[in-house]
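Visitor: I need the structure of the sequence given here:
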Amino acid sequence: QVQLLQSGGGLVQAGDFLRLSCAASGRTLIAYAVGWFRQAPGNEREFVATINRNGGRTIYADSVRGRFTISRDNAKNTVYLQMNNLEPEDTAIYFCAAALTTPDTAPVASFLYDYWGQGTQVTVSS
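Guide: Numbers count the residues shown, from 1 in each chain. Presented below is the predicted three-dimensional model:
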């Protein structure tokens, strides 16, 4: 069992930045790919970014590519999502998730993830 505890988030203005953290307990994250997803009011949960087990492979949604960066520190059992140049359209609840995968896999589909964080609100004002 993996518990994921998220931190970061908050209310910022357009153009600002935030960093979300996703810290694991219970088991080491090194056996898991980790993804970030988000859900805005009235919308379905959507993929944001994912990173494979050793951090060598990352995939981003088109809407965030070039602005967001996913990274991980396996020694700290933590994955990060650096969000720069935030836009009002980025307003959502953000979730991290862990997927037990082969080393090179970085899943995009949410149903492939086994464990989820509690979610954290990001609000970007214009």
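
Visitor: surely A99 touches Y32?
Guide: Yes. Proximity of A99 to Y32 meets the contact threshold set by Cβ atoms under 8 Å, at 6.0 Å. For glycine as for every other residue, the C-beta is placed from the backbone atoms N, C-alpha and C.

Visitor: need the residues touching each of those two.
Guide: D114 (Cβ atoms under 8 Å, 6 or more residues apart in numbering).

Visitor: name the nearest residue to T78, ignoring sequence neighbours.
Guide: A23 (4.7 Å; Cβ to Cβ, 6 or more residues apart in numbering).

Visitor: ah, wrong one, I meant Q6
Guide: That would be G117: by Cβ to Cβ, 6+ apart, it lies 4.2 Å from Q6.

Visitor: same question, G15
Guide: In space, G15 is closest to N85, 6.0 Å off (Cβ to Cβ, 6+ apart).

Visitor: residues in contact with the residue nearest to L18 when sequence neighbours are not counted?
Guide: Using Cβ to Cβ, 6+ apart and skipping residues adjacent in sequence, the residue nearest L18 is M83, 5.0 Å away. Neighbouring residues of M83 by Cβ under 8 Å, 6+ apart: F17, L18, R19, L20, V64, R67, F68, D90, V122.

Visitor: was I right to think S110 contacts R45?
Guide: Yes. Counting by Cβ under 8 Å, S110 does reach R45; the two are 5.9 Å apart.

Visitor: this protein: strands as residue ranges?
Guide: 3-7, 10-13, 18-25, 32-39, 46-51, 58-60, 68-73, 78-83, 92-100, 115-116, 120-125 (DSSP state E).

Visitor: many thanks, have a good one.
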